[in-house]
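> Could you work out the structure for the sequence below:
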Amino acid sequence: MSSVNAQDFPTRPIRMIVPFNPGASVDTIARYMAQLMAKRLNQPIVVENKPGANAAIAAQAVANAPADGYTLFFASDSALVLNGLLYKKLGYNADRDFAAVALAANVPLVLLVNASLPVNNLQEFIAYGKAHPGKLNYSSTGTGGAFHLAGEMFAQGTGIDMTHVPYTGGAPAIQALLGGQVQVMFGIVGSSLPYVKSGKLKALALVTKEPVNVLPNVPTLKDVGYPGLEAMVRYGMVARKSTPPEVLAVLNDAANYALSDPGYKERFLGEAYLVPAPHKPSQFDQILAEDKGRWSAVIKAKNITLE
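Sure thing, here's the model as predicted:
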């Protein structure tokens, strides 16, 4: 694409490929962002769902598209960072195939325990874990996901011996915690908040740098002496590698316009506590690189692989 054409971008509809089924949380965010971005760009953005193969089908579709900015990939950090670290064979390479467009949202994680566990703060939890090695089980949405890796990172950083119990999604994972089949979970703030408020679960620490206003009395791990132990689920948007910088800038401007919309903030910050995160493409690239370094260390330490 010439610089002249790049300056005219866009002149036709844009495709946004989502690696999940319609109605999934990522799909909902993507569609709402697409509507707002379309207003800014004066062109429609058509969302296409291509689920399957742990996002590889959608990723490959974008990796094979022209580098012109008319095909976008809206995905979580699993597709953009984790898959490349976990799978021995993967049909795409995020570093080689994609160019950052925009970080859409950060999703803070929180350390949760069953209400019956005899601890009331992080210090008591760590002491309990060290006094009962191997007795704590923690649930996750599956091996290699952010919930699992956050647990491994925490165990490595604190010296606690915990057993990972993978489930097939967020709902069964948190139900196992509520039912006492496991004692611990590293979960999303938004979905766990009702259980914390009702007293069914205890929130001991935020696995993030910053405090969360809906959990004002819950400290971050950094606050209680464990700096560097941080993790978030991220949603973001990328295009084909070698897309002209002028085009990426236009798309980034439209994305940040959407993220600054009061309706977007009210809907997603209020319902699910997805924190809008306007950034430049270079900043998003840096965040992904930092996440890759963090998770690579955790994965190598435990020799976690997926087929």
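
> how deep is residue 290 tucked in, by neighbour count?
Close neighbours of residue 290, defined as other Cβ atoms under 10 Å, add up to 12. The C-beta positions use only the backbone N, C-alpha and C, and glycine is treated the same way.

> and if you look at the one 3 residues further on?
Here the neighbour count serves as a burial measure; for residue 293 (other Cβ under 10 Å) it reads 10.

> Do you know the pLDDT at it?
You'll see residue 293 listed with a pLDDT of 94.

> okay, the closest residue to residue 33 other than its chain neighbours: pLDDT?
Distance criterion Cβ to Cβ, 6 or more residues apart in numbering; nearest residue to residue 33, sequence neighbours excluded, is residue 258 at 4.7 Å. Turning to residue 258, the model gives it a pLDDT of 93.

> Below-threshold pLDDT in the stretch 201-307 of the chain: ranges please.
Along the stretch 201-307 of the chain, the model assigns pLDDT under 70 to residues 269-273.

> Could I get the full set of strands for it?
Under the criterion DSSP state E, counting those that start in this stretch, the stretch 201-307 of the chain contains strands at 201-206, 232-240, 275-276.

> that older thread, give me every residue that touches the residue nearest to residue 33.
Counting by Cβ atoms under 8 Å, 6 or more residues apart in numbering, residue 258 makes contact with 32-33, 36-37, 40, 264.

> Go again with 10 Å.
32-40, 102, 104, 264, 276, 278 (Cβ atoms under 10 Å, 6 or more residues apart in numbering).

> One more: residue 39?
Shown in contact with residue 39 (Cβ under 10 Å, 6+ apart): 45, 254, 257-258, 261.

> ok, now how distant is it from residue 261?
Per Cβ to Cβ, to the nearest Å, residue 39 is found 9 Å from residue 261.

> quick one, the strand ranked longest in the chain and strand 232-240 angle?
Taking DSSP state E as the criterion, the chain has its longest strand at strand 98-114. Between the axes of strand 98-114 and strand 232-240, defined by axes from the mean of the first three to the mean of the last three Cα atoms, to 10 degrees, the angle is 160 degrees.

> Quickly run through the sheet partners of strand 98-114, with directions.
With DSSP bridges as the test, strand 98-114 is paired with strand 184-188 (antiparallel), strand 201-206 (antiparallel), strand 232-240 (antiparallel), strand 275-276 (antiparallel).

> out of those strands, deepest packed?
Sort the strands paired with strand 98-114 by mean neighbour count, taking mean count of other Cβ atoms under 10 Å, and strand 184-188 sits at the top with a mean of 27.

> Quick one: work out the angle between the helix or strand just after it and strand 98-114.
Downstream of strand 184-188, the next assigned helix or strand under DSSP states H and E is helix 189-197. Inter-element angle recorded for helix 189-197 and strand 98-114: 10 degrees (by the same axes, to 10 degrees).

> Run through the neighbouring helices and strands of helix 189-197.
The contact analysis (3 or more Cβ pairs under 10 Å, 6 or more residues apart in numbering; DSSP states H and E) places helix 189-197 against strand 98-114, helix 170-179, strand 184-188, strand 201-206, helix 270-271.

> quick one, which of these is nearest to residue 67?
Nearest of the helices and strands packed on helix 189-197 to residue 67, taken as Cβ to Cβ: strand 98-114 at 7.9 Å.

> one step back: deepest in the core, which of the helices and strands packed on helix 189-197 is it.
Per stretch, and counting mean count of other Cβ under 10 Å, the top mean among the helices and strands packed on helix 189-197 goes to strand 184-188, which has a mean of 27.

> Off-centre distance for the helix or strand encompassing residue 72?
Taking DSSP H and E as the definition, one finds residue 72 inside strand 71-76. Here the centre of strand 71-76 is set off from its chain's centre by 13 Å, with Cα atoms, centre = their mean, to the nearest Å.

> Fine, thanks again, bye for now.
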